[in-house]
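> the sequence and its predicted three-dimensional model are supplied below.
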Amino acid sequence: MEEILAFDQQATLALNGSESLFWDNLMTTVTSTWSWTALILMLFYVIFKNNAPKQSLYIILCIALMIFVTDRICSGYVKPTIARWRPTQDPTIMYLVDTVNGYRGGRFGFFSGHASNTFCVATMLALLFRDWRMSIALFFWCTTTTFTRLYLGVHYLGDVTVGAIVGIIMGTLFYFIYAFIRQRTSKVNSTISEQYTSSGYLRSDINNFLLLIVANYIVLIIIATAKGI
């Protein structure tokens with residue numbers, strides 16, 4: 001166990017920080033929830049456009065409940081129970097950690113709420129949309145968001161790895177809860193057309209969502225660049 005913890009510290013310090021003001025600005029921007037507001041609004045649009053109102057509400061409620069339960073498991077139970085210091089708070093390495101704008105986070109960091117929350121959302125949406133391009137984009141999003149936590153020094157590599165695993169499990173579990181509810185409450189129609197994914201979502205809407213993800217990253221890069229000028 002000591003060898004694993006030592007490796008975790010070394011790997012985290014290797015991935016933490018840089019001498020680049022641009023990367024500092026980009027990571028602090030990407031890690032914030034507000035930077036993804038446009039994608040959240042687009043998600044609502046795609047879900048409500050491609051489902052009956054009742055089913056749309058079931059999806060939104062399942063996603064909201066999933067995030068709440070995952071966050072409560074993480075912040076309400078595991079973090080205070082395990083009580084593992086964040087790198088920025090750990091007396092053994094806290095002065096070796098490169099921080100940005102003095103940001104150190106709370107006391108405990110195992111496991112990462114950012115990782116678990118983003119991975120559960122990405123997993124459920126990937127199963128919901130059933131489009132391989134969207135799946136890649138979603139997991140790229142949650143991976144980059146999770147990496148910011150390492151860069152900023154507020155989580156160990158082990159924190160985000162376990163968080164990602166928990167998120168994938170929770171995302172899969174809540175997708176099947178939604179699928180069970182859908183089977184019980186509505187007639188499931190199989191859509192066979194190149195215009196739709198296998199789960200019945202318009203590919204044109206998926207394409208627009210993908211374009212917005214790319215555009216959002218471009219905007220975040222522009223913002224990070226502007227901050228450094």
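Everything's here; your move.
> which residues of the protein fall in helices?
2-15, 21-30, 37-50, 53-71, 79-82, 113-129, 132-151, 157-185, 203-227 (DSSP state H).
> could you check the angle helix 2-15 makes with the longest one?
Which is helix 157-185. Between helix 157-185 and helix 2-15, the angle comes out at 90 degrees (axes from the mean of the first three to the mean of the last three C-alpha atoms, to 10 degrees).
> what average pLDDT does stretch 218-229 get?
The pLDDT scores in stretch 218-229 average 86.
> hang on, I meant stretch 174-194
79.
> any buried residues in that stretch, and which?
174-175, 178, 182 (16 or more other C-beta atoms under 10 Å). No exception for glycine: its C-beta is placed from N, CA and C like everyone else's.
> so residue 58 touches residue 184, yeah?
No: Residue 58 lies out of contact with residue 184 (C-beta atoms under 8 Å); the separation is 10.3 Å.
> touching, residue 112 and residue 146? I think so.
Yes: using C-beta under 8 Å, residue 112 is in contact with residue 146, at 6.8 Å.
> and residue 28, how many neighbours?
When neighbours are counted by other C-beta atoms under 10 Å, residue 28 registers 18.
> can you tell me the closest non-neighbouring residue to residue 201?
Take residue 201 and drop its neighbours on the chain: the residue closest to it by C-beta to C-beta, 6 or more residues apart in numbering is residue 50, 4.8 Å away.
> OK, contacts around that neighbour?
Contacts for residue 50 (C-beta atoms under 8 Å, 6 or more residues apart in numbering) come out as 200-202, 205.
> if we use 10 Å, what do you get?
56, 59, 128-129, 191, 196-197, 199-202, 205-206 (C-beta atoms under 10 Å, 6 or more residues apart in numbering).
> weed out the non-buried ones from those.
56, 59, 128-129, 196-197, 200-202, 205-206.
> return the member of these nearest to residue 65.
residue 59 (10.9 Å; C-beta to C-beta).
> mind pulling up the pLDDT for the closest one?
As predicted, residue 59 sits at a pLDDT of 96.
> number of nearby residues for the closest residue to residue 94 other than its chain neighbours?
Once flanking residues are discounted, residue 94 sits nearest to residue 88: 5.8 Å by C-beta to C-beta, 6+ apart. Neighbours of residue 88 under the rule other C-beta under 10 Å: 23.
> ok, now the one 3 residues further on?
Taking other C-beta under 10 Å as the neighbour definition, residue 91 ends up with a count of 7.
> touching, it and residue 85? I think so.
Yes: Residue 91 is within contact range of residue 85, at 7.4 Å (criterion: C-beta atoms under 10 Å).
> tell me the contacts of residue 110?
Here residue 110 is in contact with 74, 78-79, 81-86, 155-156, 158-160, 162-163 (C-beta under 10 Å, 6+ apart).
> gap between residue 76 and residue 69?
10 Å (C-beta to C-beta, to the nearest Å).
> these two: who's more crowded?
residue 69 (15 against 11).
> tell me the spacing between the more buried one and residue 47.
20 Å.
> same question for residue 60.
For residue 60 relative to residue 47 (C-beta to C-beta), the value is 7 Å.
> more neighbours: these two, which one.
residue 47 (21 against 15).
> how about the contacts made by the more buried one?
Shown in contact with residue 47 (C-beta under 10 Å, 6+ apart): 55-60, 63, 125, 128-129, 201, 205.
> same thing but at 8 Å, please
Going by C-beta under 8 Å, 6+ apart, residue 47 touches 56, 59-60.
> distance check, it against residue 179.
Residue 47 is 15 Å from residue 179, by C-beta to C-beta.
> please apply the same query to residue 198.
Distance from residue 198 to residue 179, by C-beta to C-beta: 13 Å.
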